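attaching a predicted model along with its sequence, questions to come.
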Amino acid sequence: MLHPSNRLLLSLVAGSLCAMTAASSAPGAPRKRTPAKARASSRKPRPAHSAKALPVAVIPDGKAARLLVGGKLITTFRLPNGSLSPLQRAETAAERLRELIPAGLAASDVEIRSRGESWGVYARGGLVMVATPLEAAEREQQPKETATLWAQNLKSVLGGRGVSVAGGAKPVESAKKPEPAEEPEPDSVTLGAENRSLTVPFGETRVMSVKGSADGAINVRVEGAAASANVVPGRSAIEVKGLGVGSAVVRFGRDGKESAFTVWVKKYAGRIDGDAEAGVTGASAPGSFVRTVAAERVLDQVEREPGAVVRITGEPEGVKPIERGQSTTVAYPITITGEGLLPVRTMARVKVTNLPLPPRKPAFLVYSNDPESVREHGTLFEAPVEAQGPTRLFFHHQNRMGQGFVFEIHLVNPGVEPVDVQVIGGDAGPFIDPLQAGHRAGQKFLSALTDDLGYITRIPPKRSRVVYARTVPNKDTVSGIYSFRVVSGGPLVTLVTASQEPARPEITADMLEVARQEPHIYPTPEKVEEHSYRVGDRRWTFIPIGRKPVTGKNPQRKLFGNYGVVYNISLDVSNPTESEATVKVVFTPEANWARGVFMIDGKLIEVPQVAPPMEKILHTLKLAPGESRKISIQGIPVGGSAYPVSLVVRS
């Protein structure tokens, strides 16, 4: 099928031919034949444009915009490029040409250059316009082809033909313009195809219409093995099937006339094999979380040809909060493109379901902080994720390598069966301030843990999945707390690495046993405590956090500061006096600078950075005479801060 831009060029040629004959024939009058040589000698040469006088114009065309030089169409911008609309792209190119043309821009000054996946048209070394992959795909071309066509059009207006490619590549020759055909005799027989070429997807069929005044049976033959061709019964048309990637020539005859067209057989750049699926958890998964999970899984079902690139090209549809047991299908518009491949524009869908999981107490805390300062590449930490209960991973690392590195958290399945695992995460960084990194990670984790807000991911046998990855500049810190709960299958191994570039971990036969030897495994990741305070007592109530370290799987191992341990505190407060009393819960650091994150009666409380003897009031309540109240406090020591600290209850 002829592309709209080619139709426009043909219409301009046809219009000029009509204008040449219109002067010698009045409407409705019979046309008088003139010998070809006489007509040629009678033509008067048309004055050529002076390059310095060529006008540059931009004409809006719906959502598109046309760029004209000297009244000739150079291109039509159809799609945005980044923040630039098609009209802005055309105006930008026009502004550059309006500066260059009066200064004597010549055809030899125009060239095309690669810009990664895009190709640019340059004039005198400056960028004029860019052919993006999406703009080229809209024309069923590659970016280089599109840029070449634009450059050819511009050079033609400036009086040149070939298009040079920067970087020493072979010049691209422009197609020769067809000479105006002699006006046929009224009784001449014509035969031709609807278009000069036909693109056919591999394994599919397309139809080419046969045009002209020739009549009778059509005979067809094919030169080349890429395609086969047959006449469509009862129609003046030829059906072509793509048999192999490449080109072929279809020649056909009718009524003593012959014609031909070229067939290009190409594969689609990719396809989608059904809808992807994703699971989330939580009393109510917010729309933003549903969107994030869907975006991570949307390309799972996309199959690409070698060299093809997949891009999400717009905003998703179907994003909404979902309660337990509910589902929604999130659809992302995508394009799949590649050199010599047919572009694919479609919707990739992910069915997201909120899966109800019964509560389970965490079984282990695994602690990745040794070394805290990373000075070389390699594995920083390796620990098991057992199937008997959730495993909580705490990590806090600072880059002291003198250069950036890639920090990754992997979940590895060394077994022979797939494993489904729930991931609840809170991570932060890289930040130059270790206290900021640790605090933000704790805040995100405690909020997600309270709502059981996580996602379900499946890890195939002998494979791994990255759950967190960041490039960490020198002296910056990354910190995080994750909960990994095996839902089916297992066990897994969690691996913390620092590498020069993203890498897939090697899976060995003894990987699980090696991970189980990690000394920083603690089977007591939570503390449940009860405290009380009576108004009028002389003594205040002190609630220490991080003072008594939990014991490791190896009894000789202690976790000083209890980083990553969740404290669940029940506080009974009573006022036996005959007067109203105000009771305060105060955060007091004991060692050095510290921050904290707490849930008090379901409300998130964040502690700013404080050091002894400073303190921060976390909660205030008023008690009427004789009133008693129970307060629920949940807290977690965060990375970068100096623990232990105390909560002091006083009136």
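Sure, I can see it. Numbers count the residues shown, from 1 in each chain.

show me the shaky parts of the stretch 351-500 of the chain.
For the stretch 351-500 of the chain, no stretch is flagged by pLDDT under 70.

show me where it has strands.
Applying DSSP state E, counting those that start in this stretch to the stretch 351-500 of the chain gives strands spanning 364-368, 373-374, 378-385, 391-399, 405-413, 419-431, 454-459, 463-472, 477-488, 492-499.

out of those, which comes closest to residue 154?
Nearest of the strands of the stretch 351-500 of the chain to residue 154, taken as Cβ to Cβ: strand 463-472 at 40.8 Å. Placement of C-beta: from N, CA and C, glycine included.

which elements pack onto that closest one?
Other helices and strands packing on strand 463-472, by 3 or more Cβ pairs under 8 Å, 6 or more residues apart in numbering; DSSP states H and E, are strand 405-413, strand 419-431, strand 454-459, strand 477-488.

so what secondary structure elements neighbour the shortest one?
The criterion is 3+ Cβ pairs under 8 Å, 6+ apart, and the helices and strands that strand 454-459 contacts are strand 276-281, strand 405-413, strand 419-431, strand 463-472, strand 477-488.

quick one, which of those strands gets closest to residue 355.
When the helices and strands packed on strand 454-459 are compared (using Cβ to Cβ), the closest one is strand 276-281, at 4.7 Å.

beyond the closest one, next helix or strand please.
Following strand 276-281 in sequence order, the next helix or strand is strand 284-285 (DSSP states H and E).

on that earlier part again, turn the helices and strands packed on strand 463-472 into a markdown table, including mean neighbour count.
Listed next are the helices and strands packed on strand 463-472 as a markdown table, based on neighbours: other Cβ atoms under 10 Å:
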| stretch | mean neighbour count |
| --- | --- |
| strand 405-413 | 22 |
| strand 419-431 | 22 |
| strand 454-459 | 22 |
| strand 477-488 | 24 |
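
save the helices and strands packed on strand 454-459 as a markdown table, and put in distance to residue 144 too.
Output for the helices and strands packed on strand 454-459, formatted as a markdown table (distance: least, Cβ to Cβ, whole Å):
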| stretch | distance to residue 144 |
| --- | --- |
| strand 276-281 | 33 |
| strand 405-413 | 32 |
| strand 419-431 | 38 |
| strand 463-472 | 31 |
| strand 477-488 | 41 |
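
those: which one's closest to residue 378?
Per Cβ to Cβ, nearest to residue 378 of the helices and strands packed on strand 454-459: strand 405-413, 10.1 Å.

and the angle from that closest one to strand 419-431?
170 degrees (axes from the mean of the first three to the mean of the last three Cα atoms, to 10 degrees).

got any ranges where the stretch 501-650 of the chain has weak pLDDT?
Scanning the stretch 501-650 of the chain for pLDDT under 70 picks out no residues.

show me where it has its strands.
Under DSSP E, counting those that start in this stretch, the stretch 501-650 of the chain gives strands at 521-522, 526-534, 541-545, 550-551, 558-559, 566-574, 581-589, 594-600, 603-610, 616-623, 628-636, 645-650.

looking at those, which is buried most?
Compared across the strands of the stretch 501-650 of the chain, strand 594-600 shows the largest average neighbour count, a mean of 24 (mean count of other Cβ atoms under 10 Å).

against which helices or strands is that strand packed?
Secondary elements touching strand 594-600 (3+ Cβ pairs under 8 Å, 6+ apart): helix 434-451, strand 603-610, strand 616-623, strand 628-636.

what angle separates that strand from strand 645-650?
Per the same axes, to 10 degrees, the angle that strand 594-600 makes with strand 645-650 is 50 degrees.

could the C-alpha coordinates of strand 594-600 be exported in CSV?
C-alpha atoms of strand 594-600 as CSV (Å, rounded to 0.1, in the frame of the first residue of the first chain):
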residue,chain,number,x,y,z
ALA,A,594,19.6,8.7,66.0
ARG,A,595,16.2,8.6,64.2
GLY,A,596,13.2,6.4,64.6
VAL,A,597,10.0,5.2,63.1
PHE,A,598,7.0,4.2,65.1
MET,A,599,3.3,3.2,64.7
ILE,A,600,1.4,4.6,67.7
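
in stretch 369-387, what's buried?
369, 372, 374, 380-387 (16 or more other Cβ atoms under 10 Å).

tell me the one of these nearest residue 541?
residue 369 (31.0 Å).

where does the prediction get shaky in the stretch 151-300 of the chain?
The stretch 151-300 of the chain contains residues with pLDDT under 70 at 161-188.

run through the strands of it in chain order.
164-165, 192-193, 197-201, 205-211, 219-223, 227-231, 237-242, 246-254, 257-266, 270-272, 276-281, 284-285.

quick one, what contacts the closest residue to residue 594 other than its chain neighbours?
Using Cβ to Cβ, 6 or more residues apart in numbering and skipping residues adjacent in sequence, the residue nearest residue 594 is residue 641, 4.0 Å away. By Cβ atoms under 8 Å, 6 or more residues apart in numbering, the contact set of residue 641 is 435, 438-439, 593-596.

ditto for residue 604
Residue 604 neighbours (Cβ under 8 Å, 6+ apart): 443, 446-447, 597-598.

how far away is it from residue 318?
Counting by Cβ to Cβ, to the nearest Å, the gap from residue 604 to residue 318 is 30 Å.

same deal with residue 71?
48 Å.

and those two? Which one has more around it.
residue 318 (17 against 11; other Cβ atoms under 10 Å).

for that one, which non-adjacent residue is spatially closest?
residue 330 (4.6 Å).

could you do residue 257 as well?
residue 191 (3.8 Å).

I'd say that neighbour and residue 251 touch.
No - counting by Cβ atoms under 8 Å, residue 251 is not a contact partner of residue 191; they are 11.2 Å apart.

can you work out which residues contact both of these two?
258-259.

could you dump the helices and strands packed on strand 463-472 into TSV with distance to residue 526 added?
Below are these laid out as TSV (distance: least, Cβ to Cβ, whole Å):
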stretch	distance to residue 526
strand 405-413	22
strand 419-431	14
strand 454-459	17
strand 477-488	11
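
of all the ones you listed, which one comes closest to residue 257?
strand 454-459 (62.5 Å).

partner strands of that closest one, parallel or antiparallel?
Strand 454-459 has the following sheet partners, assigned by DSSP bridges: strand 276-281 (antiparallel), strand 419-431 (antiparallel).

any chance of a markdown table for those strands, columns distance to residue 215?
Shown next, in a markdown table, are these (distance: least, Cβ to Cβ, whole Å):
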| stretch | distance to residue 215 |
| --- | --- |
| strand 276-281 | 54 |
| strand 419-431 | 68 |
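
can you tell which of those strands is closest to residue 349?
Once the strands paired with strand 454-459 are compared by Cβ to Cβ, strand 276-281 is nearest, at 7.1 Å.
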